[in-house]
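Trainee: Pasting the sequence and the predicted model now:
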Amino acid sequence: MEVFQLTTTVNASGHLLLDVPTQLTPGQVNIVLVLHPVVASKAQNPNYDFSDLAGRLTWKGDAVAVQRGLRDEW
């Protein structure tokens, strides 16, 4: 058994033509074909500003001391 993964093109008439060389002996073979369209990946904008999705907390005081106090309550 041989497993192939390749990317090819469907022509304008909708035909997929495959020419796959193998080292199999002449005779009948079973073929399993899975077609999955290739979608062009869109370049992501790495400089997106997430400030509209997240808030900002202004903390006055010692955050670590408050955290320890809350933990000690348990």
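Mentor: Sure thing, it's come through.

Trainee: Averaged pLDDT, the host helix or strand of Asp72. What do you get?
Mentor: Asp72 belongs to helix 63-73 when elements are defined using DSSP states H and E. On average, the pLDDT along helix 63-73 is 87.

Trainee: for this protein, what are the low-confidence residue spans?
Mentor: Applying pLDDT under 70 to the chain flags the ranges 41-45.

Trainee: quick one, strands of it?
Mentor: Ranges of strands in the chain, per DSSP state E: none exist.

Trainee: Most distant residue from the centre of it?
Mentor: Glu73 (43.8 Å; CA atoms, centre = their mean).

Trainee: Distance of it relative to Gln67?
Mentor: Shown here: Glu73 relative to Gln67, a distance of 11 Å by CB to CB, to the nearest Å. All C-beta spots, glycine's among them, are computed from the backbone N, C-alpha and C.

Trainee: now swap in Met1 and tell me
Mentor: 59 Å.

Trainee: With neighbour numbers in mind, choose between these two.
Mentor: Gln67 (10 against 5; other CB atoms under 10 Å).

Trainee: what's the burial count for Trp74?
Mentor: Neighbours of Trp74 (other CB under 10 Å): 4.

Trainee: Quick check: the gap between it and Trp59.
Mentor: When Trp74 is compared with Trp59 (using CB to CB), they lie 22 Å apart.

Trainee: what's the answer for Thr8, then?
Mentor: Counting by CB to CB, the gap from Thr8 to Trp59 is 58 Å.

Trainee: Which one of these two is surrounded by more residues?
Mentor: Neighbours per residue, other CB under 10 Å: of Thr8 and Trp59, the larger number sits with Thr8, 10 against 7.

Trainee: Quick one: neighbours of Ala58, just the number.
Mentor: Rather than Ala, residue 58 is Thr. 4.

Trainee: Begin at 799, not 1, for the rest of this chat.
Mentor: Okay, residue one is now 799; in that scheme the one you just asked about reads as Thr856.

Trainee: on that earlier part again, which parts of the helix holding Asp870 are buried?
Mentor: Within helix 861-871, no residue qualifies as buried by neighbour count (16 or more other CB atoms under 10 Å).
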